[in-house]
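*Asks:* next one to model:
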Amino acid sequence: MKPAHRKKLIATSLGALVLGYFASMQFMFIIGEVRFSYYLLPALLGSAVGYLIGTLITRKDELKEQLETARTQLDNLYKDSASGSWQWNLKTKTLVFDQHWADMLGYSLEEISSLPNSWESLIHPEDLDSCYHDIERHLQGETEQYQNTHRMRHKNGEWLYMLDRGEIKSRDAKDRPVIFAGTQTNVTQRKKLEIQLLETRQKLSEYALTDSLTGLKNRKAMTTYLEQVWA
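*Replies:* Got it, this is the predicted structure:
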């Protein structure tokens, strides 16, 4: 007998026994006797309740096993990768991350919930709409791959830049996306260099239009302004 069936059988039997025994004691106390017909209805009700509880327990175990299986698959698939990996089941609305994904943000896997709102809470509020916009475009078939760079909060409070890439891995019989998976790479250093380079270019542009002695706009600035006005 499968473990799931065994749990349901035990729960059903216990439900029938407990509720039937409780009812028998009540009948004994109230009318002074116990008949099989008195015991039957409470026993049936108890078995139904027990079966429901057993079903809920086994369903929880099945979901936990599915999450662990998905996590193991991700660990095996990306264990040699410098990127962390994630898998989003759109049907069950659960997210699974590998250890490296959690390590990049300073967390253990136990601290990361499998619900999407746990992932949302780590993203910078100004970047969240952009993430979902790019995700939706891919799910609607507008892009071959989902890609987005956004800020995520490290456990120590620091904001890190993460490059997210992903794509649909499986669909159901109606061609609706089911498994959406990908990788996340820490690009904080590269992003900081890009920002620094942009700031340097802006400063160089300002210097080119400013007289170094007086700090006033020079002839080139005047010429550029007149060209813009003329245009």
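*Asks:* all helices for this structure, in order.
*Replies:* 3-31, 36-78, 99-104, 116-120, 125-139, 188-208, 219-230 (DSSP state H).
*Asks:* quick check: longest strand of this structure.
*Replies:* Identified as the longest strand of the chain according to DSSP state E is strand 159-171.
*Asks:* what's that one packed up against?
*Replies:* Packing partners of strand 159-171 (3 or more CB pairs under 8 Å, 6 or more residues apart in numbering; DSSP states H and E): strand 84-89, helix 125-139, strand 146-153, strand 177-186, helix 188-208. Any C-beta I mention is one placed from the backbone N, CA and C, and that applies to glycine too.
*Asks:* show the average pLDDT along it.
*Replies:* In this model, strand 159-171 has a mean pLDDT of 94.
*Asks:* neighbouring strands - and their directions - for it?
*Replies:* Its sheet considered, strand 159-171 pairs with strand 146-153 (antiparallel), strand 177-186 (antiparallel) by DSSP bridges.
*Asks:* now the angle from it to helix 188-208?
*Replies:* Relative orientation of strand 159-171 versus helix 188-208 (axes from the mean of the first three to the mean of the last three CA atoms, to 10 degrees): 120 degrees.
*Asks:* buried residues, strand 159-171. List them.
*Replies:* For strand 159-171, the neighbour count (16 or more other CB atoms under 10 Å) marks L160, Y161, M162, L163, D164, G166, I168 as buried.
*Asks:* residues contacting the fourth one?
*Replies:* With contacts taken as CB atoms under 8 Å, 6 or more residues apart in numbering, L163 has the following neighbours: Q147, N148, T149, Q184, T185, N186, V187.
*Asks:* please save the CA atoms from the longest strand of the chain in PDB.
*Replies:* Extracted in PDB, the C-alpha atoms of strand 159-171 (Å, rounded to 0.1, in the frame of the first residue of the first chain):
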ATOM      1  CA  TRP A 159      20.900  47.100  -2.900                       C
ATOM      2  CA  LEU A 160      22.400  44.900  -5.600                       C
ATOM      3  CA  TYR A 161      21.800  44.900  -9.300                       C
ATOM      4  CA  MET A 162      20.600  41.600 -10.700                       C
ATOM      5  CA  LEU A 163      20.300  40.400 -14.300                       C
ATOM      6  CA  ASP A 164      17.300  38.100 -14.700                       C
ATOM      7  CA  ARG A 165      16.900  35.900 -17.700                       C
ATOM      8  CA  GLY A 166      14.200  33.300 -18.300                       C
ATOM      9  CA  GLU A 167      11.900  31.500 -20.700                       C
ATOM     10  CA  ILE A 168       8.900  29.200 -20.800                       C
ATOM     11  CA  LYS A 169      10.000  25.600 -20.300                       C
ATOM     12  CA  SER A 170       6.700  23.800 -20.600                       C
ATOM     13  CA  ARG A 171       3.000  24.300 -21.500                       C
END
